[in-house]
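Enquirer: Structure, please.
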Amino acid sequence: MKMKYFVIIVLAYVLIIQNSMALDLPQKIYDYQIATTRCDYFLDDNSIALLEDIYTFLKIPEKDLNNKSQKIDKEFFSKYSDGICDLDYFLIDLNTTADMRLTFNQIDELKMAILSVNSDMKDIIIKPDRPLFVYSTFDRILSSFIPRNELTGGQSAPYLLGKTEVVLIFINNPGVTWSNEINNVFSKVLDATTWLESQSPTNANSDFEIVYYIANIDYDPNNCDLNDGFCACNSWMEDAVKNLGASDNNNDNRYTDDLVNFIKSNTQADNVALTYIIKESPLFSSVAGYACPYPFFGVGERTAVYYKTCFIACQTNGMDVYAHELLHLFGACDEYQGCGEFYGCNNPCIFSYTPVYDKYPNANCYDCNLNGQPCIMRGEDGLGASAPELAIEYYTKGQIGWGDYDNDNVIDPKDLCPLIFGNGFDGCLTSVTTTTDNACATDVYQCSDGSYVSRNPSNSCQFYPCPNATSTDIITICERNTTNCAKSCKKCPSNYEYCEYEWTSKCGNSSGVLYPGESLPWLTCNKISNCTLKGKPTGSTTVTTTTTTIQAGCVEICNKQTTNCQLSCKKCPSNYEYCEYEWISSCNSINGTINSGQSLPWLTCNKKSNCAVRGCD
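Expert: Presented below is the predicted three-dimensional model:
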């Protein structure tokens, strides 16, 4: 797969384009000079900070700080312009040059501190990231998680398929600006995306383009407490994009979604992954980066990665950190030690979509499986991923859309029947015969009068309706106005000879015949649609009624005018099998289904809107 590289540097004062986005289109770069460092550590060219780190750590009084700083600036930095390869030599040289008069024990203490602070930042290690999906200030606790179980069209990175635009956003804040270090980041992201392409199934057609912006904000993003998801994932990130010149075109008080739409419309990308780069992590932080996945933080899948950690000497994050964070945005859960605390053991990954949501649990999580497989999301022994162990294991592949659950050589998101074991062109078939451009199984269905019907290649190879079926042959088993036909009408009862279903929606229509006990196909739409299931009871030749409904249906349990649907109607009560919700607002309108006990998605608008929930038996 051909890699393409784009670079765009846009400051906040660029011109307004079409009154909606003050951004230029990306410029293509053919030759790019990548800055590299031969050694593990490097200096940050800040002698005052270097000295203050030493004095603070050793708890000794600062002496003649300015003179020592001048000596280091004049005689020391130039020696280590290519990096620090030997910490012992470096510290002894520093002690002599700055006349610091440290003892050998103090020098050993400093060395161990540098190794401790920076050990997790090496290229061969993934440092645990922070799974940010809790709005602590809004009581968004773990029990409020909703599965990403339906594609609504609002996701910017649903599966890692097709063309992905990786948008790097470098953050300038007071006292912190970017210059040549950008080259290092570009090199690591290039390595990460190249590696991801090498792991990708051929029919995923994974391809990456890299663009970047430099954004200015007037405060330090590290001031955010990572337990406050709103601060970490919304406040400074939204300000950065706003300062680039983005407009809030849909009046939702957010700008990242508008940036995503701008990038998609101008690049024809299938996915957009926003990656914010913070120059330096907080001292002694154990976090290399964190992800803000949809739907917990709205449209615009985004992650933040710290470029470097500095304590006397600095180290940068490796390519594996960028790859790890990107995979979160496409649905992958963490598997390293401690993952069970956040995700639970063997539970579905809360970031993934159907049809893969409940088929690829987090079963390789270290807390659940001590002898699990090496993976970029887990690492060696659940503590980090060394370079020889870089891999994407079975469950992670499934979560990001690279799995093939039914082993039919059709990856799940492209499989029309992802849970039916077959080998046909659409993933639905076991024995096929080809006619013109379509293929369907050669099996037939015997109708009640003894005649046979074959499969219809124009209707996803469902059986043709029986030719003699009349209103006196079949009764209505279920008729629902719903967003999910399979959840609402379920399957053909076992005491029926056969069933016929019909799905009428703005997303597409479908109909077909089911065997007794066979479930309805996974038919969904983000708008309320009609699902009808009819069938002929076993042993019946004539049925006088045609309107019998076996299932109890759905009842309204919440209907409120509100600015926040989740806070008002909360969740699907446990005494219902599932719930259907509807959110109608001037900001956006959406319908969907949630399982029993699950909370509504975080649907908000700055104007009062209608939130309705129906509980279904």
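Enquirer: okay, CA-based contacts and neighbour counts for the rest of this
Expert: Will do.
Enquirer: mind listing what residue 88 touches?
Expert: residue 111 (C-alpha atoms under 8 Å, 6 or more residues apart in numbering).
Enquirer: Make sure I have this right: it is in a helix.
Expert: Yes. With DSSP: H, G, I helix; E, B strand; the rest coil as the criterion, residue 88 is located in a helix.
Enquirer: where's it relative to residue 54, distance?
Expert: Using C-alpha to C-alpha, to the nearest Å, we find residue 88 at a distance of 15 Å from residue 54.
Enquirer: just residue 76 next, same as before
Expert: Taking C-alpha to C-alpha, one finds residue 76 at 16 Å from residue 54.
Enquirer: Then residue 213?
Expert: With C-alpha to C-alpha as the criterion, residue 213 and residue 54 are 35 Å apart.
Enquirer: Just want to know which of these two has more residues nearby.
Expert: Ranked by neighbour count (other C-alpha atoms under 10 Å), residue 213 and residue 54 place residue 213 first, with 22 against 18.
Enquirer: quick one: the more buried one and residue 166 touch, right?
Expert: No. In this structure residue 213 lies outside contact range of residue 166 using C-alpha atoms under 8 Å: 11.1 Å.
Enquirer: where do the helices sit along the stretch 101-250 of the chain?
Expert: 104-118, 181-199, 229-230, 236-244 (DSSP state H, counting those that start in this stretch).
Enquirer: where do the strands sit along the stretch 301-450 of the chain?
Expert: Assigned by DSSP state E, counting those that start in this stretch, the strands in the stretch 301-450 of the chain fall at 302-311, 313-316, 432-435, 438-441, 445-446.
Enquirer: Of the ones you listed, which shows the lowest average pLDDT?
Expert: Taking the average pLDDT of each of the strands of the stretch 301-450 of the chain, the minimum falls on strand 432-435, with a mean of 37.
Enquirer: Now do the residue lying closest to residue 111 once chain neighbours are set aside: how many residues are near it, please.
Expert: Sequence neighbours aside, residue 87 is the residue nearest to residue 111 in space, at 6.7 Å (criterion: C-alpha to C-alpha, 6 or more residues apart in numbering). Neighbour count for residue 87, taken as other C-alpha under 10 Å: 19.
Enquirer: what do you get for the one 4 residues further on?
Expert: One way to gauge burial is a neighbour count; for residue 91, by other C-alpha under 10 Å, it gives 18.
Enquirer: do the same with residue 592
Expert: By the criterion of other C-alpha under 10 Å, residue 592 has 24 neighbours.
Enquirer: What's opposite it in the beta bridge?
Expert: residue 581 (DSSP bridges).
Enquirer: From residue 600, how far off is it?
Expert: 9 Å.
Enquirer: shared neighbours of these two, which are they?
Expert: Common contact partners of residue 592 and residue 600 (C-alpha under 8 Å, 6+ apart): residue 581.
Enquirer: can you give me phi and psi for the residue lying closest to residue 61 once chain neighbours are set aside?
Expert: With sequence-adjacent residues excluded and distances taken as C-alpha to C-alpha, 6+ apart, residue 61 is closest to residue 55, at 6.5 Å. The phi/psi pair for residue 55 (degrees, to the nearest 10) reads phi -60, psi -40.
Enquirer: is it true that the residue nearest to residue 111 touches residue 110?
Expert: No. The criterion here is C-alpha under 8 Å, and residue 87 misses it with residue 110 at 9.5 Å.
Enquirer: And the residue nearest the centre of the chain?
Expert: The structure's the chain has its C-alpha centroid closest to residue 329; by C-alpha atoms, centre = their mean the separation is 2.2 Å.
Enquirer: Give me the pLDDT for that one.
Expert: 90.
Enquirer: from what I can see it touches residue 302, true?
Expert: Yes. Judged on C-alpha under 8 Å, residue 329 makes contact with residue 302 at a distance of 6.8 Å.
Enquirer: Mutual contacts of the two, please.
Expert: Common neighbours of residue 329 and residue 302, counting by C-alpha under 8 Å, 6+ apart, are 273, 291-293.
Enquirer: Any chance of CSV for these, columns distance to residue 609?
Expert: Conversion of the shared contacts of residue 329 and residue 302 to CSV gives the following (distance: C-alpha to C-alpha, whole Å):
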residue, distance to residue 609
273, 30
291, 29
292, 26
293, 25
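Enquirer: between these, which is closest to residue 94?
Expert: Within these, proximity to residue 94 (C-alpha to C-alpha) peaks at residue 291, which comes in at 38.3 Å.
Enquirer: now the closest one, nearest residue through space, not along the chain?
Expert: If the residues on either side of it in the chain are set aside, residue 291 comes closest to residue 303, at 4.2 Å by C-alpha to C-alpha, 6+ apart.
Enquirer: on that earlier part again, what is the neighbour count of the residue nearest to residue 61?
Expert: What residue 55 shows, counting by other C-alpha under 10 Å, is a neighbour count of 16.
Enquirer: measure it to residue 239 for me?
Expert: From residue 55 across to residue 239, the span is 36 Å (C-alpha to C-alpha).
Enquirer: Next up, phi/psi of residue 565, please.
Expert: Main-chain dihedrals, residue 565, degrees, to the nearest 10: phi -70, psi -40.
Enquirer: So what's the residue count around it?
Expert: A count of neighbours around residue 565, defined by other C-alpha under 10 Å, yields 28.
Enquirer: next one: residue 218
Expert: By other C-alpha under 10 Å, 12 other residues sit near residue 218.
Enquirer: can you pull the contacts of it?
Expert: So residue 218 contacts 173-174 (C-alpha under 8 Å, 6+ apart).
Enquirer: Starting from residue 239, give me the distance back to it.
Expert: Separation of residue 218 from residue 239 (C-alpha to C-alpha): 9 Å.
Enquirer: before we move on, what about residue 497?
Expert: 61 Å.
Enquirer: Ok, residue 506 next?
Expert: As judged by C-alpha to C-alpha, residue 506 and residue 239 stand 37 Å apart.
Enquirer: More neighbours: these two, which one.
Expert: residue 239 (18 against 11).
Enquirer: Surely that one and residue 217 touch.
Expert: Yes. If you go by C-alpha under 8 Å, residue 239 and residue 217 touch, sitting 6.8 Å apart.
Enquirer: ok, residue 605 touching residue 250?
Expert: No. Using C-alpha under 8 Å, residue 605 makes no contact with residue 250, being 10.4 Å away.
Enquirer: Need the overlap of contacts for the two.
Expert: Counting by C-alpha under 8 Å, 6+ apart, the shared contacts of residue 605 and residue 250 are residue 587.
Enquirer: okay, the two: which has more neighbours?
Expert: residue 605 (18 against 13).
Enquirer: that's a helix at the more buried one, yeah?
Expert: No. Assignment of residue 605 by three-state DSSP gives strand, placing it outside any helix.
Enquirer: List the residues that contact the spatially closest residue to it that is not a sequence neighbour.
Expert: Closest residue to residue 605 apart from its sequence neighbours, by C-alpha to C-alpha, 6+ apart: residue 563 at 5.1 Å. Each residue near residue 563 by C-alpha under 8 Å, 6+ apart is listed here: 604-609.
Enquirer: just residue 578 next, same as before
Expert: 572, 593-596, 615-617.
Enquirer: Could you list the paired strands of the strand or helix carrying residue 483 along with their orientation?
Expert: Residue 483 belongs to strand 475-484 when elements are defined using DSSP states H and E. Sheet pairing of strand 475-484 (DSSP bridges) gives strand 524-537 (antiparallel).
Enquirer: quick one: the strand it pairs with to chain centroid distance?
Expert: Remark: strand 524-537 is offset 31 Å from the chain centroid, using C-alpha atoms, centre = their mean, to the nearest Å.
Enquirer: which residues sit against it?
Expert: 152, 473-485, 488-489, 492, 495-507, 590-592.
Enquirer: where in the stretch 251-400 of the chain is pLDDT low?
Expert: Along the stretch 251-400 of the chain, the parts satisfying pLDDT under 70 run over 283-286, 294-298, 340-346, 354-355, 379-389.
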